[in-house]
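Q: Need the 3D shape of this:
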Amino acid sequence: MARKYYTLVSIDGSPGCPWGIEFGAYDHDTVWDEYLGMRDRGWKRSELKIITTGDKQADIDAAVAELNKDI
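A: Numbering: from 1, shown residues only. Got it, this is the predicted structure:
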């Protein structure tokens, strides 16, 4: 069974711009720290998300593709 994996994704807010992977780890707090760092550097809350998937790259890619489906 796959372990939970947390991935920070970002979008720059421009029309048609897809969500992209910024950072990932097995520990949510580690990813949260990266999220807070990006917020401190000026990223808006609406431009960042933390998603939870299995730890296979295919799982992560599928979740990001799902986010980008309606863009």
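Q: Geometrically speaking, which residue is the centre of the protein?
A: residue 9 (2.3 Å; Cα atoms, centre = their mean).
Q: Could you confirm it falls within a helix?
A: No: read with DSSP: H, G, I helix; E, B strand; the rest coil, residue 9 is strand and lies in no helix.
Q: How about it: what's its closest non-neighbour residue?
A: Nearest non-adjacent residue to residue 9, counting by Cβ to Cβ, 6 or more residues apart in numbering: residue 19, 4.6 Å away. Bear in mind the C-beta positions are built from the backbone N, C-alpha and C, glycine included.
Q: for stretch 10-17, what is the average pLDDT?
A: The pLDDT scores in stretch 10-17 average 81.
Q: Just the buried positions in it, please.
A: By 16 or more other Cβ atoms under 10 Å, the buried positions in stretch 10-17 come out as 10, 11.
Q: Spatially, which residue comes closest to residue 2, not counting chain neighbours?
A: Once flanking residues are discounted, residue 2 sits nearest to residue 54: 3.1 Å by Cβ to Cβ, 6+ apart.
Q: hang on, the one you found packs against residue 7?
A: No: contact criterion Cβ atoms under 8 Å: residue 54 and residue 7 do not qualify, at 10.8 Å.
Q: These two: which is more packed in?
A: residue 7 (20 against 15; other Cβ atoms under 10 Å).
Q: Who does that one form a beta bridge with?
A: residue 24, residue 51 (DSSP bridges).
Q: OK, contacts around it?
A: 21, 22, 23, 24, 31, 50, 51, 52, 53, 60, 63, 64 (Cβ atoms under 8 Å, 6 or more residues apart in numbering).
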